[in-house]
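1. would you be able to build a 3D model of this:
(one chain, ligands or ions: 2)
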Amino acid sequence: MIRGSCYCGAVVFELAAQPSMKATCHCSRCRKAGSSTFVFVKAADFRWIQGEDNVQRFAPTPPFTFGRAFCKTCGTALGEPGAGDTFPISAHALDDDPGVRNRFHEFVADKPAWYDIADDAKQFAGHPQKS
Ligand SMILES: [Zn+2]
Ligand SMILES: [Zn+2]
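-> Ligands and ions are numbered 1, 2, ... in the order given. Below you'll find the predicted structure:
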């Protein structure tokens, strides 16, 4: 079991299985939302323990589609829990090691100069391309 929670502790969830993968996005939207590294979780493996009613959701202006969920009390970004059969969860909200490491970095062209990538995962200038 992999546990996750927000900073203030109001929101707690758990993952019944290891996420399928982990990736980091360097776009300005993820950066401003304070959530750039995600694990991808199957809906069947995700369970709220407490605080689902304390989660606020933000929908971006089109063409952007990635919604943002966060704790109403402390603002911890949570990813997009409940969006589809598989969805991203903010890796920083996890309390346990998810067991997966970065598979890729996306939107590296938008990466700020003050952030250095320090792993060997593949890098894509924008959306990941099949190679
Ligand atoms: Zn909180
Ligand atoms: Zn992004």
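
2. return the helix or strand in the protein with minimum mean pLDDT.
-> The weakest-scoring helix or strand in the chain, judged by mean pLDDT, DSSP states H and E, is helix 28-33 (a mean of 94).

3. what residues of that helix count as buried?
-> For helix 28-33, the buried set under the neighbour-count rule, 16 or more other C-beta atoms under 10 Å, comprises Cys30, Arg31, Ala33. Yep, even glycine has a C-beta here, placed from its N, CA and C like the rest.

4. one more: stretch 124-131?
-> Neighbour-count burial for stretch 124-131, with 16+ other C-beta under 10 Å as criterion, is recorded at Phe124.

5. what mean pLDDT does that stretch have?
-> Confidence over stretch 124-131 (mean pLDDT, whole number) is 86.

6. how about the helix or strand following the least confident helix or strand of the chain: buried residues?
-> From helix 28-33 onward toward the C-terminus, using DSSP states H and E, the following helix or strand is strand 37-42. Of the residues in strand 37-42, Thr37, Phe38, Val39, Phe40, Val41 count as buried by neighbour count, 16+ other C-beta under 10 Å.
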